[in-house]
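Trainee: Just need the structure, nothing else, for what follows:
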Amino acid sequence: METMTARSQRENRIGEEHARELWVSLASLLRSYTAAYGLNRETQAAVELSEGRILVRCGERWLSLGREGDAVQTRTHMGAITQMRWNEEGELETEAGSRVPMDLQAEEWSRELVG
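Mentor: Model (predicted):
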């Protein structure tokens, strides 16, 4: 018998077109937030976007995001690796089940890189 959690997770999965739109939006948010955090600094962040990868670099710090469907994997200059998935609300869900709005996650990553 399928559990309620498994059923709700399956129902919250998004399609490729929706995931692609969220991907582009995430890159845009990262550009905006890293620019805002870098206003009074000598170092500015660079954000590179492709179909399956976003790379954000600021000095020696970097964040690499890979996307396959609704799955997002992050890697950092510190060696941390995280797996996430988008849901229908545009939130990122971790493997542990926590959910964070995409804009808040982009802001956090930007602050860690530039701030």
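Trainee: burial count for residue 68?
Mentor: 10 (other Cβ atoms under 10 Å). Backbone N, C-alpha and C define where each C-beta goes, glycine included.
Trainee: Could you point out the bridge partners of it in the sheet?
Mentor: residue 71 (DSSP bridges).
Trainee: Could you report the distance from the residue nearest to residue 16 when sequence neighbours are not counted to residue 43?
Mentor: Leaving aside its sequence neighbours, residue 16 sits nearest to residue 69 (Cβ to Cβ, 6 or more residues apart in numbering; 6.3 Å). To residue 43, residue 69 is 34 Å away according to Cβ to Cβ, to the nearest Å.
Trainee: what do you get for residue 99?
Mentor: 32 Å.
Trainee: Quickly find the element holding the nearest residue to residue 74 once chain neighbours are set aside.
Mentor: Spatial nearest neighbour of residue 74, excluding adjacent residues (Cβ to Cβ, 6+ apart): residue 82 at 4.5 Å. Using DSSP states H and E, residue 82 sits within strand 81-86.
Trainee: what about that strand, distance to the chain center?
Mentor: 8 Å (Cα atoms, centre = their mean, to the nearest Å).
Trainee: Can you list the strands that that strand pairs with?
Mentor: strand 71-76 (antiparallel), strand 91-94 (antiparallel).
Trainee: and those, which is most packed in?
Mentor: strand 91-94 (a mean of 18; mean count of other Cβ atoms under 10 Å).
Trainee: send the alpha carbons of that one over as CSV?
Mentor: Taking Å, rounded to 0.1, in the frame of the first residue of the first chain, the C-alpha atoms of strand 91-94 are listed here in CSV:
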residue,chain,number,x,y,z
GLU,A,91,9.9,25.2,-3.9
LEU,A,92,13.0,23.1,-3.6
GLU,A,93,12.7,20.0,-1.5
THR,A,94,15.7,18.3,0.1
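Trainee: just to revisit the earlier point, in JSON lines, list the strands paired with strand 81-86 along with distance to residue 48 and mean pLDDT.
Mentor: Formatted as JSON lines, those follow (distance: least, Cβ to Cβ, whole Å; pLDDT from 0 to 100):
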{"stretch": "strand 71-76", "distance to residue 48": "14", "mean pLDDT": "97"}
{"stretch": "strand 91-94", "distance to residue 48": "20", "mean pLDDT": "94"}
